[in-house]
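K.L.:
output the structure for:
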Amino acid sequence: MITIDNESSKPAYQQIADQIHFAINTGALKPGQALPSIRKLAESADLASNTVVKALKTLEAKGLIEAKDRSGYTVSKTALPDPEAHPDESTQSNRYRARGVSAEKTEVHSVVDKLDPGLFPGAFCKITEDYLSGDPTKCNVIHADGSGTKSIIAYLYYKETSDASIFEGIAQDSIVMNLDDLLCIGATGRILLSNTINRHAKNCPGDVIRALIEGGEKFMQELRDQGVQIYPGGGETADVGDLTGTVLVDSCAVSIARKSDIIENHITSDLAIVGLSSFGQSIYEHTENSGIGSNGLTSARHDMLSRYYGETYPESFDSNLPETLTYCGPYKLEHSLPGSELTVGQALLSPTRSYAPIILKLLNFMKSEIKGIVHCSGGAQTKCLRFGQGVHFIKNNLMPVPAVFSAIQKASHTTMKEMYKVFNMGHRMELYVPQSRVDEVIDVANTFAIHAQQIGYTEAASENQLSLVDHQGKTIHYP
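P.N.:
Next comes the predicted model:
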């Protein structure tokens, strides 16, 4: 039942809500299970009934519980998966969901997948007719993404050091998450990009905005120096202190392409899968890259960083989350990352690598041989399952796991099956080519000092599936 800490600064109703929320997260309360009555909860906690009601209303607003007329409340059937119904669903996966994040975005795809898929339904991005210029031989693509909660880690670093330049990397994160998705459809022509910065003006003053804007401009110039035609198209800075206590950075990219240039992701059997590493230092990067990218940072932040950050910067997280889910890790930003020369902060804030120079060069001389390109972002190593039909993806020669992911796994006790679904784990871009062209792809990547290797192959299957051999030699099956 409920216990109340009368010495805690947290209101009693929130303590009740947190304890019920935690019971749902851990499976002690299962979907569809009835909660004790309001009267029983009030008696067990020695509180007034209206305090209990306030707690239950808080949980109901989050969709965790449902009112059942006069019969009281039950746990929502959509709050968390029932472990008995989904035996492969790990406790850590439940922790992801409880934090309001999802690797699969199932509820999003349930809506989006019913919409018009565009001109090339199998392509990595939605592609439309050329509404911008009206050319029947061309098409349009518009794409929106951002740095995600990685910007909150930058905020913590900034508050600790007063060094706003850390946000230059966040600007790069936001740009790359758009640009490298566009690469997957072969869009390497002129790309126009617009930024949206949502900030709490008091916590993120002008030096943060300056670093974000100037960092974005500098990164796009570096890309242009590599032959990638991407240009700034303005943007918006919104002061929305009641929506975020820190800062969020998003971008929107638009391009016009020839229909004949589109890579439709015709992924079939008998193709080799070549992975491009996410770690190391390419010839166009200024520092070593940990490989982190911009996915999974909500969980990485809380599972890696210590309670100090939650206590010192309460604006950096949702106060409605249970304490067991917030800043529960062993590290501070300045601590050394085990197995690496980077600090924890440097590793978590390592700017997302763009593969644009490599993909541009490959498309210039072997475009017809590239049957598919997959950016292993949301969904990570399982992203490939969304492309092709009747394909068994076999990834049996993956790259070594970078130190940052090993540290996240150790700190969070996440299963390897979940880790490969949330984090890229060593390569974040993969190309699907005939076996005869593998060496050429690897050679091109190597000219940019980026490691590449054949990480697997495809074969025919009745439906899309993935068999992945992890770094310990264990085969994991998805879905």
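K.L.:
okay, Arg97: pLDDT?
P.N.:
Listed pLDDT for Arg97 reads 67.
K.L.:
also Arg70?
P.N.:
For Arg70, pLDDT reads 63.
K.L.:
in this protein, where's the longest strand?
P.N.:
Longest strand of the chain, by residue count under DSSP state E: strand 247-258.
K.L.:
tell me how far it lies from the chain's centre.
P.N.:
Strand 247-258 sits 17 Å away from the centroid of its parent chain (C-alpha atoms, centre = their mean, to the nearest Å).
K.L.:
who are the packing partners of the helix or strand following that strand?
P.N.:
Counting by DSSP states H and E, the next helix or strand C-terminal to strand 247-258 is strand 272-277. In terms of contacts (3 or more C-beta pairs under 8 Å, 6 or more residues apart in numbering; DSSP states H and E), strand 272-277 is packed against strand 427-433, helix 438-447, strand 452-460. (C-beta placed from N, C-alpha, C; glycine too.)
K.L.:
check the ones you listed for me and report the most buried one.
P.N.:
Of all the helices and strands packed on strand 272-277, strand 427-433 carries the top mean neighbour count, a mean of 26, counting by mean count of other C-beta atoms under 10 Å.
K.L.:
what about the stretch 101-250 of the chain, any weak spots by pLDDT?
P.N.:
102-110, 112 (pLDDT under 70).
K.L.:
one more time with 90
P.N.:
101-117, 188-189, 242-243 (pLDDT under 90).
K.L.:
what about the helices in it?
P.N.:
106-112, 150-161, 167-183, 206-225 (DSSP state H, counting those that start in this stretch).
K.L.:
quick one: closest of the ones you listed to Gly329.
P.N.:
For Gly329, the closest of the helices of the stretch 101-250 of the chain is helix 150-161, at 11.9 Å, according to C-beta to C-beta.
K.L.:
in the closest one, what's buried?
P.N.:
Buried residues in helix 150-161, counted by 16 or more other C-beta atoms under 10 Å: 150-160.
K.L.:
make TSV out of those residues and add distance to Asn289.
P.N.:
Shown next, in TSV, are those (distance: C-beta to C-beta, whole Å):
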residue	distance to Asn289
Lys150	14
Ser151	18
Ile152	20
Ile153	16
Ala154	16
Tyr155	21
Leu156	20
Tyr157	17
Tyr158	21
Lys159	24
Glu160	22
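K.L.:
per-residue confidence for Asp88?
P.N.:
pLDDT, Asp88: 47.
K.L.:
then the one 3 residues further on?
P.N.:
The predicted local confidence for Thr91 comes out at a pLDDT of 53.
K.L.:
quick check: angle from the longest strand of the chain to helix 150-161?
P.N.:
Compare the direction of strand 247-258 with that of helix 150-161 by axes from the mean of the first three to the mean of the last three C-alpha atoms, to 10 degrees and you get 140 degrees.
K.L.:
given strand 247-258, what are its sheet partners and their directions?
P.N.:
In its sheet, strand 247-258 lies beside strand 138-146 (antiparallel), strand 191-199 (antiparallel), with partners assigned from DSSP bridges.
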